[in-house]
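Visitor: Below are the sequence and a predicted model for it; my questions follow.
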Amino acid sequence: MRETDPSSFSGLSRRAWLKRTALAAGGTLASGSLLARAAPLPVPESSKKLGAPILSPEYGQPSPHESDVVRRPTGLTPTQYSSWSFTPLQHLHGIVTPNGLFFERHHGGVPDIARDQHRLAVHGLVRQPLLFSMDDLVRFPSVSRFHFLECSGNGSAEWAAPTGETVQFTATASSTCPKGVAAMGVYSSNQLIYTVKGASLNTALPFSPGTNNTVVEEWDFCGGATFTPVTFKVGGTTLYNVQASGGWKGWAVLQRDCP
């Protein structure tokens, strides 16, 4: 953005400066509106009819257009009552997992506990055993924090034999180009296997068991590029050479098991 010399305001009243600025902005908007009229946008069907009324439903639900973003079960247990489910990491954006997509681990099915029946007991090797109801708990001050929570058995199934099919790639890139980052991609064995527009990458990619040599690369709008090699092993819980490098704000490679 071009800087304005403060000395240029000498002899120019505030009203005159605002008027001149408004005229310049109006010219910019007018040129943009001409481009919009030259290429009219199609009217979607959702804008041609009356939508649903408020409170439809009373408790918000995911959009039906996101029906593919769901948890998936494991195929390693004989019953779904003592089992676990997986969070669809490849479809999520940001660091907050929606409640409805949080991974599960149950040993006797999903319990149905009424709020007025729930109790929290503090006992054992303590000076004073305590028993709290939900009403007791909500009287305490509320604190909101971000925490990373992982299944205690994450990766345990991989020690016996490789069962994972995909590796989760999450990365963000920066560039010295004034126009920013144009796209990002992942190479495997010198072959480009995935690309995405913009300065962030979040996807699950299939890899064969064993050591895999990959490269995460970004391309900017000025013709420049930055890449970082990432070597990891599929078939266990060990990942090698997973660290940040110059030009990257941060990235990681995660093997999916229990998120």
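Guide: Perfect, thanks for sending it. Since the model is a prediction, treat every value here as computed from it, not as a measurement.
Visitor: just for the stretch 151-259 of the chain, where's the confidence low?
Guide: Within the stretch 151-259 of the chain, the ranges that satisfy pLDDT under 70 run 155-165, 235-259.
Visitor: And the helices in it?
Guide: 156-160 (DSSP state H, counting those that start in this stretch).
Visitor: Likewise for the stretch 1-150 of the chain?
Guide: Under DSSP H, counting those that start in this stretch, the stretch 1-150 of the chain gives helices at 14-38, 134-137.
Visitor: Which one of these has the poorest average confidence?
Guide: For the helices of the stretch 1-150 of the chain, mean pLDDT drops lowest on helix 14-38, to a mean of 54.
Visitor: how about the nearest residue to the spatially most central residue of the chain, chain neighbours excluded?
Guide: Geometric centre of the chain, nearest residue: His93, 2.0 Å, by CA atoms, centre = their mean. Nearest residue to His93 in three dimensions, chain neighbours excluded: Asn202, at 6.6 Å (CB to CB, 6 or more residues apart in numbering). C-betas here are computed from N, CA, C, even on glycine.
Visitor: correct me, but that neighbour touches Met184?
Guide: No: contact between Asn202 and Met184 fails when scored by CB atoms under 8 Å: they sit 9.9 Å apart.
Visitor: Among those two, which residue is more densely surrounded?
Guide: Neighbours were counted for Asn202 and for Met184 using other CB atoms under 10 Å; Met184 has more, 25 against 17.
Visitor: got the contact list for the more buried one?
Guide: Ala171, Ala173, Thr195, Val196, Gly198, Ala199, Ser200, Leu201, Val216, Glu217, Glu218, Trp219 (CB atoms under 8 Å, 6 or more residues apart in numbering).
Visitor: who's it bridged to?
Guide: Val196, Glu218 (DSSP bridges).
Visitor: residues near His147, how many?
Guide: 4.
Visitor: related to what we said a few turns ago, overlap in contacts of Asn202 and Met184?
Guide: Ala171.
Visitor: sorry, back to before: how near is the residue nearest to the centre of the chain to Ala225?
Guide: Separation of His93 from Ala225 (CB to CB, to the nearest Å) stands at 24 Å.
Visitor: Same check on Glu45?
Guide: 41 Å.
Visitor: More neighbours: which of those two?
Guide: Neighbours per residue (other CB under 10 Å) separate Glu45 from Ala225, with Ala225 holding more: 16 against 7.
Visitor: That one: what's it in contact with?
Guide: The contact partners of Ala225, by CB under 8 Å, 6+ apart, come to Glu217, Glu218, Trp219.
Visitor: okay if I get those residues as JSON lines plus neighbour count?
Guide: What follows is the contacts of Ala225, written out as JSON lines (neighbours: other CB atoms under 10 Å):
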{"residue": "Glu217", "neighbour count": "20"}
{"residue": "Glu218", "neighbour count": "25"}
{"residue": "Trp219", "neighbour count": "19"}
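Visitor: which stretches of the stretch 1-150 of the chain have low pLDDT?
Guide: Checking the stretch 1-150 of the chain against pLDDT under 70 turns up 1-38.
Visitor: what about 90?
Guide: 1-42, 44, 46, 62-80, 83-96, 147-150 (pLDDT under 90).
Visitor: now the strands for the stretch 101-250 of the chain?
Guide: For the stretch 101-250 of the chain, the strands defined by DSSP state E, counting those that start in this stretch occupy 104-106, 119-122, 130-133, 166-173, 181-188, 191-197, 200-206, 210-220, 225-234, 248-255.
Visitor: okay, those in a markdown table with distance to Pro40 next?
Guide: Shown next, in a markdown table, are the strands of the stretch 101-250 of the chain (distance: least, CB to CB, whole Å):
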| stretch | distance to Pro40 |
| --- | --- |
| strand 104-106 | 48 |
| strand 119-122 | 60 |
| strand 130-133 | 61 |
| strand 166-173 | 35 |
| strand 181-188 | 27 |
| strand 191-197 | 24 |
| strand 200-206 | 31 |
| strand 210-220 | 32 |
| strand 225-234 | 37 |
| strand 248-255 | 39 |
